[in-house]
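Asker: Quick one: sequence plus predicted model below, questions after.
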Amino acid sequence: MTENTAKAAYQAFASIYDDFNYRNDYEMWFGALLPELEKRGLKQGRLLDVGCGTGRAFEPMLRRGWQIQGCDVSTAMLAEAQRKFGDAVGLDAADATELPVYGEFELAWALNDVVNYLTGDGDLERALRGMRANLSADGMVLFDSNSLGLFQTSFASGNSELMSVGEWTWQGLSDGIEPGGTFEARISGTGVETHVHRERHYTPEQVKEAMTAAGIEYLVALGQTEEDGQVVLVDPPDERRDHKIIYIGRAA
């Protein structure tokens, strides 16, 4: 398993995670993402949220009538999710590269850098295979991957104004940002143990190859940015312009 660094980071991060990410507007995000899924055949039902963290994605989907199973490698993050949502969702501690089969889901997703924390060779394919094994016959997959542009602003050496929040500092530790590289950043500040985040950039070619190998039909990749308080999705994506690349697939 290569998620040990991710587990250590999020065990430390859990105590301030929601406050650190208070600017993330999931309702706005899903208002853009879900129509892209629906026009490609998404049917409402059960959602598998891989790397669910503290459950920040749960409420907008519960309001829409989805049943949710969440899993995460960090028990500290899951404890926060349990505190907030109780029995409204299923929760389980699981490594994304060794996912159990929880059942058949209309949608499996991994949001907010989950795949970038899979830094070992073959990890992305293993995670996608696990997601594929949990899909219904016409189930769909959605995940995001950080762009080179975001790595440049968040992981290049020096304090990142984009990522730092309040009394917490996000400091990039990487001297050079290159396609397919693995990069590190450090979080420090009030009320949190100083810890390091390690993420890997995946090229679109690597992602498409992993999807195919995992039995997922690649449908589209969309560039994501935010402009004037709105999520903007663009086809085709641009590694330098966009913050994230959104990948959509379905059971092959």
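Answerer: That came through, no problem.
Asker: Could I get the contacting residues of the residue located most distally from the centre of the chain?
Answerer: What lies farthest from the middle of the chain is T190; by Cα atoms, centre = their mean that is 25.4 Å. Contacts here follow Cβ atoms under 8 Å, 6 or more residues apart in numbering; on that basis T190 touches E167, W168. In short, each C-beta sits where N, CA and C put it, glycine included.
Asker: surely E59 meets Y26?
Answerer: Yes: using Cβ atoms under 8 Å, E59 is in contact with Y26, at 7.5 Å.
Asker: quick one, what contacts E27?
Answerer: P60 are the contacts of E27 under Cβ under 8 Å, 6+ apart.
Asker: for A81, same thing?
Answerer: Neighbour list for A81: C52, G53, T54, G55, F58, G70, D72, V89, L91 [criterion: Cβ under 8 Å, 6+ apart].
Asker: Give me the subset of the residues you listed lying in strands.
Answerer: Using DSSP state E, the subset of the contacts of A81 located in strands is G70, D72, L91.
Asker: Let me know the pLDDT of the second one.
Answerer: In this model, D72 is scored at 98, pLDDT.
Asker: partners of it in the sheet?
Answerer: Here D72 sits in beta bridges with A93, as judged by DSSP bridges.
Asker: burial measure for it, as a count.
Answerer: Around D72 there are 28 other residues, counting by other Cβ atoms under 10 Å.
Asker: isn't it right up against G53?
Answerer: Yes: in terms of Cβ under 8 Å, D72 counts as a neighbour of G53; the distance is 5.8 Å.
Asker: Perfect, that will be all.
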